[in-house]
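A.B. asks: let me see the structure of the following:
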Amino acid sequence: MFTSSQLLEKVNDYISHLIYGKQPSGLYEPIEYAMSLGGKRIRPVLMMMAYNLYREDVDSILSQAVAIETFHNFSLLHDDLMDNADLRRGMPTVHKKWNTDTAVLSGDAMLVLSYKFMSGSGRRYVPSIMGLFSRTAVEVCEGQQYDIDYESRMDVYEHEYLEMIRLKTSVLLAASLKIGALLAEAPEEDAQFLYDFGINLGIAFQLRDDMLDVYGDPEVFGKKIGGDILCNKKTYLLIQALHRADVKQLQELKKWINAENYDPEEKIKAITALYDEIGVRALCEDKISHYTLLAETNLDMVKVPEEKKQPLLDEMNKLMFREA
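C.D. replies: As a prediction, this is how the structure comes out:
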């Protein structure tokens with residue numbers, strides 16, 4: 001069995017030698033730049049880990065693993081554009097380094113290339129894999145649209161938020177795992193358990209992100225905390241606070257949400273204090289524990305020896321107990 005670190009090294013090496021295209025350079029250089037920014041490469045590593053439950057020749061699916069990573073980075077490139085973000089992983093975003101037109105067109109090319117890489121296999125499961133990949137791609141777009149819709153709503157409910165993060169975050173993790181299993185010709189039942197594992201892990205992962213943005217250690221987190229607070233992002237914490245606040249607390253929350261001129265540190269401090277009063281951190285931690293337990297149960301149902309599942313369990317624990 002390969003460790004996640006060994007698989008990450010394989011993915012990074014493959015990407016570093018991959019030529020997305022040569023000309024026109026204005027199309028392909030931004031793609032290579034976006035892909036070179038690194039990151040945890042969680043999705044391709046999970047795909048290869050799922051494959052490795054059944055087979056050892058993990059190098060044979062590097063094309064499909066990088067397809068998932070290319071798609072993920074395409075979505076980030078367009079997310080950054082929609083959010084008008086200046087930085088991605090500490091470096092200028094593509095639309096800032098080049099321009100908006102470049103970000104749109106290079107992103108489009110990344111989407112198409114991800115399909116090219118995903119389809120590059122002679123295995124009999126290719127039709128079902130491409131069907132799953134296409135469905136997942138649409139679901140990610142649906143999740144992004146819900147996220148945009150919720151920006152202008154003050155009445156977002158927990159179930160709506162959980163469905164949004166399932167679509168925007170979880171389905172790509174889940175598809176990565178299921179595609180890895182299908183490529184290894186795993187039993188269909190196992191492939192579905194791995195998909196469900198990814199869904200629940202992804203929801204727990206995003207809830208953990210919500211909490212770290214408020215309660216994380218800035219030195220470990222790698223950036224200042226409170227970014228979601230400053231942009232009034234509808235996180236699990238804010239949604240719970242809006243629904244559970246008393247009259248005075250709700251008035252204070254809305255004052256800060258609607259404020260146009262404010263000191264950023266003061267706003268972060270004030271809303272964090274309200275979160276503490278209302279008790280939303282404990283609610284979030286309970287929900288994280290709930291989905292983590294569901295993920296563990298899903299993984300337990302996969303019919304391979306327990307020692308083979310240990311790398312996936314270790315990866316889950318690394319993601320769920322991270323501080324950044």
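A.B. asks: domains of the chain: list them as residue ranges, please.
C.D. replies: For the chain, automatic domain parsing gives the domain ranges 1-121, 124-324.
A.B. asks: these into a markdown table, with extra columns for mean neighbour count and mean pLDDT?
C.D. replies: Just so you know, the C-beta spots here come from the backbone N, C-alpha and C atoms, and that holds for glycine as well. What follows is the domains of the chain, written out as a markdown table (neighbours: other C-beta atoms under 10 Å; pLDDT from 0 to 100):
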| stretch | mean neighbour count | mean pLDDT |
| --- | --- | --- |
| domain 1-121 | 18 | 95 |
| domain 124-324 | 17 | 94 |
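A.B. asks: packing partners of the strand or helix carrying Glu266?
C.D. replies: Here Glu266 sits within helix 264-278, counting by DSSP states H and E. Under the contact criterion of 3 or more C-beta pairs under 8 Å, 6 or more residues apart in numbering; DSSP states H and E, helix 264-278 touches helix 188-215, helix 227-230, helix 236-244, helix 247-258.
A.B. asks: please repeat the previous calculation with a cut-off of 10 Å.
C.D. replies: If you count contacts as 3 or more C-beta pairs under 10 Å, 6 or more residues apart in numbering; DSSP states H and E, helix 264-278 packs onto helix 188-215, helix 227-230, helix 236-244, helix 247-258, helix 280-301.
A.B. asks: could you check the angle the fourth one makes with helix 236-244?
C.D. replies: In this case it means helix 247-258. Orientation check (axes from the mean of the first three to the mean of the last three C-alpha atoms, to 10 degrees): helix 247-258 against helix 236-244 gives 140 degrees.
A.B. asks: could you give the angle of helix 247-258 to helix 264-278?
C.D. replies: For helix 247-258 against helix 264-278, the angle by the same axes, to 10 degrees is 150 degrees.
A.B. asks: same check on the third one?
C.D. replies: For helix 236-244 and helix 264-278, the angle between their directions (the same axes, to 10 degrees) works out to 60 degrees.
A.B. asks: now for helix 236-244, which elements pack on it?
C.D. replies: On a contact count with 3+ C-beta pairs under 10 Å, 6+ apart, helix 236-244 meets helix 158-165, helix 188-215, helix 227-230, helix 247-258, helix 264-278, helix 280-301.
A.B. asks: just the C-alphas of the helix or strand just after the first one, formatted as CSV.
C.D. replies: Note on helix 158-165: by DSSP H and E, the next helix or strand toward the C-terminus is helix 171-183. C-alpha atoms of helix 171-183 as CSV (Å, rounded to 0.1, in the frame of the first residue of the first chain):
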residue,chain,number,x,y,z
VAL,A,171,-19.4,15.4,-4.8
LEU,A,172,-15.9,15.9,-6.3
LEU,A,173,-14.3,14.1,-3.4
ALA,A,174,-16.8,11.3,-3.6
ALA,A,175,-16.4,11.0,-7.4
SER,A,176,-12.7,10.8,-7.0
LEU,A,177,-13.0,7.8,-4.7
LYS,A,178,-15.6,6.1,-6.8
ILE,A,179,-13.7,6.6,-10.0
GLY,A,180,-10.6,5.1,-8.4
ALA,A,181,-12.6,2.1,-7.3
LEU,A,182,-14.2,1.6,-10.7
LEU,A,183,-10.9,1.9,-12.5
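A.B. asks: mind giving me the packing neighbours of helix 171-183?
C.D. replies: Applying 3+ C-beta pairs under 10 Å, 6+ apart, we find helix 171-183 packed against helix 42-52, helix 62-83, helix 126-150, helix 188-215, helix 280-301.
A.B. asks: please repeat the previous calculation with a cut-off of 8 Å.
C.D. replies: Judged by 3+ C-beta pairs under 8 Å, 6+ apart, helix 171-183 is in contact with helix 42-52, helix 62-83, helix 126-150, helix 188-215.
A.B. asks: check which helices and strands the third one is in contact with.
C.D. replies: Contacts of helix 126-150 with other secondary structure elements, assessed using 3+ C-beta pairs under 8 Å, 6+ apart, are made with helix 62-83, helix 100-118, helix 158-165, helix 171-183.
A.B. asks: which elements pack onto the longest one?
C.D. replies: In this structure, helix 62-83 makes packing contacts with helix 4-17, helix 25-36, helix 42-52, helix 94-97, helix 100-118, helix 126-150, helix 171-183, judged by 3+ C-beta pairs under 8 Å, 6+ apart.
A.B. asks: switch the cut-off to 10 Å
C.D. replies: Packing partners of helix 62-83 (3+ C-beta pairs under 10 Å, 6+ apart): helix 4-17, helix 25-36, helix 42-52, strand 87-88, helix 94-97, helix 100-118, helix 126-150, helix 171-183.
A.B. asks: contacts for the fifth one?
C.D. replies: The set of residues external to helix 94-97 that reach it, using C-beta atoms under 10 Å, 6 or more residues apart in numbering, is 29-31, 33-34, 37, 73, 76-78, 80-82, 84-88, 91, 100-104, 106-107.
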